[in-house]
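> Here you go, sequence then predicted model.
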Amino acid sequence: MYARILVAVDGSGPSTRAFREALRLAADQRAVLRIAHVVDLGVALAPWAEPAFIDYATLDSALHEAGRRILDGAVAEARAAGLEPESVSLETEVDDPAAEILAEAERWGADLIVMGTHGRHGLAHLILGSVAEGVVQRSRVPVLLLRASDDATPAA
Ligand code: AMP
């Protein structure tokens, strides 16, 4: 039923759980799995981010390095589960990971997007995090959302 599954990972508990569900689904459906992470350079636009105090080069490389680690860990886990995943590192400069996830889903021809209800920025009292909400509201393909479970250890 699903042939091209795009899973969005940010290293958070809900994202880890979503990722593991995507592994199960991809194996079950014999689907191609593509793992996406968006490096959010827009964090430097946050109200607290006073430009005079930010070393943009250091921030940029730290965010890319953190993203690489998240993707590498996910790829290793997928391979250990017997899959041959694809992975992609995306970037947003305007703090809009949802737009990048949606654009990637469109470009790649995903027929399902898998992600967590919440991410690294928490706020679990809200029904959906902003990235999840942005994707659900605008996606042309079904979106599978997973909330964190008590035992979801943060992803590699
Ligand atoms: P949020 O809406 O930020 O609370 O995050 C909800 C879900 O969106 C997470 O569990 C991830 O699956 C996905 N997500 C959030 N931020 C990113 C990102 N920078 N790159 C890839 N996926 C993300």
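Structure's in. What do you need? All values reported here derive from a predicted model rather than from experimental measurement.
> Output the top strand by length along the chain as PDB, nothing but the C-alphas.
Scanning the chain for the longest strand, with DSSP state E as the assignment, gives strand 32-40. Taking C-alpha atoms only, strand 32-40 is exported to PDB below (Å, rounded to 0.1, in the frame of the first residue of the first chain):
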ATOM      1  CA  VAL A  32      11.600   2.600   0.200                       C
ATOM      2  CA  LEU A  33      12.400   4.500   3.300                       C
ATOM      3  CA  ARG A  34      13.900   8.000   3.200                       C
ATOM      4  CA  ILE A  35      15.000   9.600   6.400                       C
ATOM      5  CA  ALA A  36      15.000  13.400   6.500                       C
ATOM      6  CA  HIS A  37      16.400  15.900   8.900                       C
ATOM      7  CA  VAL A  38      16.100  19.700   8.600                       C
ATOM      8  CA  VAL A  39      19.000  21.800   9.900                       C
ATOM      9  CA  ASP A  40      17.100  24.800  11.300                       C
END
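> Give the next helix or strand downstream of it.
Using DSSP states H and E, the next helix or strand after strand 32-40 towards the C-terminus is helix 56-80.
> helices or strands up against that next one?
Here helix 56-80 touches helix 13-29, strand 32-40, strand 86-92, going by 3 or more C-beta pairs under 8 Å, 6 or more residues apart in numbering; DSSP states H and E. (C-beta placed from N, C-alpha, C; glycine too.)
> and the residue lying closest to residue 74 once chain neighbours are set aside, how many neighbours does it have?
Nearest non-adjacent residue to residue 74, counting by C-beta to C-beta, 6 or more residues apart in numbering: residue 35, 4.9 Å away. Look at residue 35: counted by other C-beta atoms under 10 Å, it has 26 neighbours.
> Distance check, residue 35 against residue 57.
The spacing between residue 35 and residue 57, counted by C-beta to C-beta, to the nearest Å, is 27 Å.
> ok and the residue in this structure nearest the ligand?
residue 129 (1.8 Å; C-beta to the nearest ligand atom).
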